[in-house]
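Colleague: sequence first, then the predicted structure, then my questions.
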Amino acid sequence: MIGLDIGSTLIKLAVFKRTEEGLEFIKADAREIGHAEDDLLLEKKTVYAVRELLKEANIDDCDVVVSVDCPATMMTKVTLPLMTRSELPGAIQLAVRDRFSVPLEEVVLEHELVRSVSDTDKRRHEVIVVGSPKKTVERYLSIMGKAGITPASLIPPAYAIKTLAEKAFSTDEKTKCFVNMGSYHTELIIIGANNYRFFRMISVAGEDFTKALTTVLASATGEIKLSMEEAERIKREIGFPAEGEDQSVGGNISADQVRVMLTGPAERLLNEIDRSFAYFAEEGGEQIDALVLFGGGASITGLARFLSKGLGVEVRMGNPLEWIAEAEKVQVVHVESAHKYGVAVGAALTAGGGINLLPFEVKEADKIQRQKQTVKIAFIAVAITLAVLYLGLVMQVNGLNRGISSVSKQLKGIEPAFKKAEAHHLAETVLVNEPHWEDIFKELSNLVPSDIYLTSWKMQNNVMMLEGVVDAQDGEQKLSQFILALERGIFRDVKLIKSRDIAGREGNSFVLRCRVEQ
């Protein structure tokens, strides 16, 4: 299970392994990509960093979950009246149409049903909804493709932090706020009683603090202006000096001057968090008991102390690995930098379920690829077994030929009858648990549309393989509709194994695999 947090200036990785005892932490790592002059150079540096991080991992045997770092990628919670699952998508679109900064038709939208709540005579659904611009999803898929990776899922950073909070900070019933600060935007998530309650995107982030330190200052020796690199270093090493500390921090800049320059963005961040707390309380939320900071943008010495004083609650840097047994023995991530890995750890923990922003066709392609891998492994195992059996049979036959040559003609005479009886017995054994063929044929005759022709089929162990042709211009759409129709009937787990355009005319051939419900 690999969580990959592709930030603006830093790529973070967290790796876990599933064992019989639970999850085993393997490693965490990061690569700096810094600032780039243009998008093309940034993409090249990102691809290289991802390759470097994953070069030791066997990605064919991993679920790689990638966090989508984009200010237009949102997570929200909506409450809807009780309805069927098929009605949810339409109701969700109506509920969130004004919550995204881009039109919904340009957004990849996913949802997760959290729970159904009963209030007196009313029942309602609580649903988490996430969305990301299609262009952003395509960009991340392009980066992953160039790095040689097909991700198992794409998720928002806020969903990763939510998952981490439910895993690592669920030991009490207190309401906590989790702030994930990146370089260019900050995400605020409130979890109460181990249940996601509130999300908000805040524009104040780590880069605002760095730029604030590059302000031109007047001194006895003339004007002073820090470079971005110097500002970043001072922000992380000095940050908000303690009260009364007024020593020089380099370049003739005093600690007091650093404090003054950082106070502007810090107060804006404080005000935005305080506004979020007030709005949450007005909506019926509880008092916030603590605030936990994650993300590379939060690497500002003294920021937690500043926020705690202004908000009146406990504020601390988060450690996404503190829930691991014997966490003090984990030496891969230093405690002072552990907060940077919050999204990567949370992303890894979502592997195998939950929200997934991958387009439908990519999800299906991944399923097919996994099925091919399974079939390949099964084929190799069967081939080895048959080879061993064959060698054993050859040895036995040779021994029998030498010992019973006198009755070989009699054996040849009864061999056809024996094979016929054996085949008849095998057929009876196989057909004992087979479904009613009349029902299968009736179902197929009712479901196959006029522009789809079945050319062959075969059945084994309640698994049916259907081959056919779609004779239509929009063949993929027709085939998708046919698959959905099969799913509604007596067929289950309908999978598209192969689809190929037909040379010289419209349409395509296909192979489907499905299980027949008895």
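Modeller: Received it, and whenever you're ready, just let me know what you need. Everything quoted here is computed from the prediction, not taken from an experiment. Residues are numbered from 1 along each chain as shown.

Colleague: show me where the stretch 351-500 of the chain has strands.
Modeller: 452-460, 463-470, 491-501 (DSSP state E, counting those that start in this stretch).

Colleague: now render those strands as TSV, adding distance to Glu314 and mean pLDDT.
Modeller: All C-beta spots, glycine's among them, are computed from the backbone N, C-alpha and C. Converted to TSV, the strands of the stretch 351-500 of the chain look like this (distance: least, CB to CB, whole Å; pLDDT from 0 to 100):
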stretch	distance to Glu314	mean pLDDT
strand 452-460	62	84
strand 463-470	57	88
strand 491-501	49	86
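
Colleague: wait, which of these is closest to Tyr159?
Modeller: Set against Tyr159 and scored by CB to CB, the strands of the stretch 351-500 of the chain come closest in strand 491-501, at 27.2 Å.

Colleague: wait, Leu444 touches Leu454, no?
Modeller: Yes - between Leu444 and Leu454 there is a contact under CB atoms under 8 Å: 7.1 Å.

Colleague: pick out whichever of these two has more residues nearby.
Modeller: Legend: neighbour count by other CB atoms under 10 Å for Leu444 and Leu454, higher for Leu444 (17 against 14).

Colleague: quick one: contacts for the more buried one?
Modeller: Shown in contact with Leu444 (CB atoms under 8 Å, 6 or more residues apart in numbering): Leu454.

Colleague: how about 6 Å then?
Modeller: Contact analysis of Leu444 by CB atoms under 6 Å, 6 or more residues apart in numbering lists nothing.

Colleague: of the strands of the stretch 351-500 of the chain, which is nearest Asp439?
Modeller: Across the strands of the stretch 351-500 of the chain, Asp439 has its closest neighbour in strand 491-501 (11.1 Å, CB to CB).

Colleague: for the residue positioned nearest the centre of the chain, list the residues it contacts.
Modeller: In the chain, the centroid-proximal residue (CA atoms, centre = their mean) is Ser153; its distance is 3.4 Å. Contacts for Ser153 (CB under 6 Å, 6+ apart) come out as Val65, Asn356, Leu358.

Colleague: now, which of the residues you listed sits nearest Val47?
Modeller: Looking at the contacts of Ser153 and their distance to Val47, the nearest is Val65, at 18.0 Å (CB to CB).

Colleague: could I get the contacts of Ser153 in JSON lines, plus columns for neighbour count, distance to Val15 and pLDDT?
Modeller: Below are those laid out as JSON lines (neighbours: other CB atoms under 10 Å; distance: CB to CB, whole Å; pLDDT from 0 to 100):
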{"residue": "Val65", "neighbour count": "29", "distance to Val15": "11", "pLDDT": "94"}
{"residue": "Asn356", "neighbour count": "21", "distance to Val15": "20", "pLDDT": "92"}
{"residue": "Leu358", "neighbour count": "22", "distance to Val15": "21", "pLDDT": "90"}
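
Colleague: dump the residues you listed to CSV, plus distance to Ile380.
Modeller: Listed next are the contacts of Ser153 as CSV, based on distance: CB to CB, whole Å:
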residue, distance to Ile380
Val65, 29
Asn356, 30
Leu358, 29
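
Colleague: before we move on, back to that, so how far is Leu321 from the residue nearest to the residue nearest to the centre of the chain when sequence neighbours are not counted?
Modeller: Here the nearest residue to Ser153 in space, its sequence neighbours aside, is Asn356; by CB to CB, 6 or more residues apart in numbering that works out to 3.9 Å. Per CB to CB, to the nearest Å, Asn356 is found 25 Å from Leu321.

Colleague: wait, isn't Ala231 in contact with Lys211?
Modeller: No - look at Ala231 against Lys211 with CB atoms under 6 Å: they stay out of range, at 7.5 Å.

Colleague: in terms of packing, which of these two has more residues around it?
Modeller: Neighbours per residue (other CB under 10 Å) separate Ala231 from Lys211, with Ala231 holding more: 20 against 13.

Colleague: does that one count as helix, strand or coil?
Modeller: Secondary structure, DSSP: H, G, I helix; E, B strand; the rest coil: Ala231 is helix.

Colleague: that one: what's it in contact with?
Modeller: For Ala231, the contact set (CB under 6 Å, 6+ apart) comprises Thr210, Leu213, Thr214.

Colleague: just put the residues you listed in CSV and tack on neighbour count and distance to Ser480.
Modeller: Below are the contacts of Ala231 laid out as CSV (neighbours: other CB atoms under 10 Å; distance: CB to CB, whole Å):
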residue, neighbour count, distance to Ser480
Thr210, 24, 49
Leu213, 24, 54
Thr214, 15, 54
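
Colleague: hmm, Lys176 and Ala290 touching each other?
Modeller: Yes - judged on CB under 6 Å, Ala290 makes contact with Lys176 at a distance of 5.0 Å.

Colleague: more crowded one of these two?
Modeller: Counted by other CB under 10 Å, Ala290 and Lys176 do not tie: Lys176 has more neighbours, with 21 against 16.

Colleague: I'd assumed Leu293 was in contact with that one.
Modeller: No - here Lys176 lies out of contact with Leu293, judged by CB under 6 Å, at a distance of 11.5 Å.

Colleague: other residues contacting stretch 42-55?
Modeller: Ile11, Leu13, Asp29, Arg31, Ile33, Ala36, Ile143, Lys146, Ala147.

Colleague: relative to Lys45, how far out is the fifth one?
Modeller: Here Ile33 is placed at a distance of 4 Å from Lys45 (CB to CB).

Colleague: okay, those two: which has more neighbours?
Modeller: Ile33 (21 against 18).

Colleague: what are the phi and psi values at the more buried one?
Modeller: Backbone torsions for Ile33, taken as degrees, to the nearest 10, come to phi -120, psi -10.

Colleague: now Leu188
Modeller: phi -120, psi 120.

Colleague: check the gap between it and Val179 for me.
Modeller: For Leu188, the distance to Val179 equals 5 Å [CB to CB].

Colleague: compare these two (neighbour count), which wins?
Modeller: Ranked by neighbour count (other CB under 10 Å), Leu188 and Val179 place Val179 first, with 25 against 22.

Colleague: surely the more buried one touches Leu293?
Modeller: Yes - counting by CB under 6 Å, Val179 touches Leu293, with 5.4 Å between them.
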